[in-house]
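Visitor: Sequence isn't available, so here's the structure alone:
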């Protein structure tokens, strides 16, 4: 499909720079193509009443790591400031990352990352450039490995806010909590599964009281989630890969719920992508562990997901293509037009929409 079909104009003042407080006070646009009216303005707190006993909400339990590191490249006596966004771990001590100033980096260069704290007990964080991969990407080998490296990244790193927020303000201490979901357990993401950011303990309790279950899957969100599609046609776009997992117990839980008439409700596009990657042609969800580069555009037949709660996405993005595949392109174009006119807040810290399928 032509990528320009997924373009739209968004006023800058619609981009949320902070989440609303409390989290479950966010607005929610219900998009139901088969209903009259197809668009309904609601709140996240209305979600329990819009679900049915027996439904299962699937959340992503990935945890965002403070993956943005600032440092200095040392080459003989020459120094240069470097900023690296780690995006994919490849071994116990090696990461791929996107570097500002990547053209200054060569194989064998040493980078010393700066401490956020003056605590001398923190180990030094040093890396060597193994490869300049091009297009801003580098492969780094750290002197530390395993849990020691994990702790060092927590010490030295900053939360990797999306570029549409980071370009307007720096990450701060508030983002450490704001950009992490209630379900975050397994470290590995460099972006939050933002639909889950709306959940509070009170909302979770209200949902459970309605006889609605929760299930957890993992998809470590990568940097590619924010990349616009630069090709003119979707067939020319190379989708980024992300690591995901659904264990056997969760797969069995979801299959039982569906067999009993319950609906699978994906809380965000990330659990949807791993569920659809794991589903058979008949719609049964199998255990899954590995990378997925699934690219969903209109015409895709959904096998594993019945409803989708998600935030409002960027123009020309793979995520806007995904929601257009789920509820229909014309429906989503109308929904976004309504949301912009009605003052909904967009993107990671913004409001949400509850999407029903096109058919």
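Guide: Structure received. Just so it is clear, the model here is predicted, and its values are computed rather than measured.

Visitor: ok, the strand of greatest length in the chain: who's next to it in the sheet?
Guide: The longest strand of the chain (DSSP state E) is strand 78-89. Within its sheet, strand 78-89 is paired with strand 68-75 (antiparallel), strand 94-100 (antiparallel), according to DSSP bridges.

Visitor: and the most far-flung residue of the chain relative to its centre, how far is that from residue 189?
Guide: Relative to the mean C-alpha coordinate of the chain, counting by CA atoms, centre = their mean, the farthest residue is residue 77 (40.3 Å). Per CB to CB, to the nearest Å, residue 77 is found 38 Å from residue 189. To be clear about C-beta, it is placed using only N, CA and C from the backbone, and glycine gets the same treatment.

Visitor: what's the closest non-adjacent residue to residue 169?
Guide: residue 17 (6.2 Å; CB to CB, 6 or more residues apart in numbering).

Visitor: Tell me how many other residues surround that neighbour.
Guide: As a burial measure, residue 17 scores 14 neighbours (other CB atoms under 10 Å).

Visitor: and the gap between it and residue 59?
Guide: Taking CB to CB, one finds residue 17 at 25 Å from residue 59.

Visitor: where in the stretch 51-200 of the chain is pLDDT low?
Guide: 115-124 (pLDDT under 70).

Visitor: all strands of it, in order?
Guide: Along the stretch 51-200 of the chain, counting by DSSP state E, counting those that start in this stretch, strands occupy 56-60, 62-64, 68-75, 78-89, 94-100, 110-113, 125-134, 137-142, 186-189.

Visitor: how far off strand 137-142 does the fifth one point, in degrees?
Guide: Going back to what we said before, that points to strand 94-100. In terms of direction (axes from the mean of the first three to the mean of the last three CA atoms, to 10 degrees), strand 94-100 departs from strand 137-142 by 130 degrees.

Visitor: go on, the first one?
Guide: Using the same axes, to 10 degrees, one finds that strand 56-60 and strand 137-142 are set 80 degrees apart in direction.

Visitor: Let me know the distance separating residue 297 from residue 238.
Guide: Look at residue 297 and residue 238: by CB to CB, they are 14 Å apart.

Visitor: Looking at the two, which has the bigger crowd around it?
Guide: With neighbours defined as other CB under 10 Å, residue 297 and residue 238 compare such that residue 297 has more, 18 against 12.

Visitor: and that one, which of the three is it?
Guide: Classification of residue 297 using DSSP: H, G, I helix; E, B strand; the rest coil returns coil.

Visitor: quick one, phi psi at it?
Guide: phi -130, psi 170 (degrees, to the nearest 10).

Visitor: Touching, it and residue 1? I think so.
Guide: Yes. If you go by CB atoms under 8 Å, residue 297 and residue 1 touch, sitting 6.0 Å apart.

Visitor: anything in contact with each of these two?
Guide: 234, 321 (CB atoms under 8 Å, 6 or more residues apart in numbering).

Visitor: From residue 15, how far off is the most centrally placed residue in the chain?
Guide: Nearest to the mean C-alpha position of the chain, by CA atoms, centre = their mean, lies residue 193 at 3.8 Å. Noted for residue 193: a distance of 19 Å to residue 15, by CB to CB.

Visitor: cool, and residue 191?
Guide: 16 Å.

Visitor: Give me the more crowded residue out of these two.
Guide: residue 191 (24 against 20).

Visitor: quick revisit: so what pairs up with the nearest residue to the residue nearest to the centre of the chain once chain neighbours are set aside in the strands?
Guide: Spatially, and ignoring its direct neighbours in sequence, residue 193 is nearest to residue 60 (3.9 Å; CB to CB, 6+ apart). Per DSSP bridges, the residues bridged to residue 60 are residue 217.

Visitor: Now do the contacts for residue 60.
Guide: 181, 183, 193, 196, 216-219, 221, 267-268, 270-271, 274.

Visitor: now do residue 106
Guide: Residue 106 makes contact with 75, 129, 132, according to CB under 8 Å, 6+ apart.

Visitor: mind checking the backbone torsions on the closest residue in space to the second one that isn't next to it in sequence?
Guide: So that's residue 129. Leaving aside its sequence neighbours, residue 129 sits nearest to residue 109 (CB to CB, 6+ apart; 4.4 Å). Main-chain torsions, residue 109, degrees, to the nearest 10: phi -60, psi 150.

Visitor: Next, work out how far apart residue 109 and residue 312 are.
Guide: Taking CB to CB, one finds residue 109 at 40 Å from residue 312.

Visitor: Neighbour count: these two, which is higher?
Guide: In this view residue 109 and residue 312 are compared by other CB under 10 Å, and residue 312 has more residues nearby, 27 against 20.

Visitor: residue ranges of the strands in the stretch 201-350 of the chain, please?
Guide: Per DSSP E, counting those that start in this stretch, the stretch 201-350 of the chain carries strands over the ranges 213-219, 242-246, 264-267, 288-292, 307-311.
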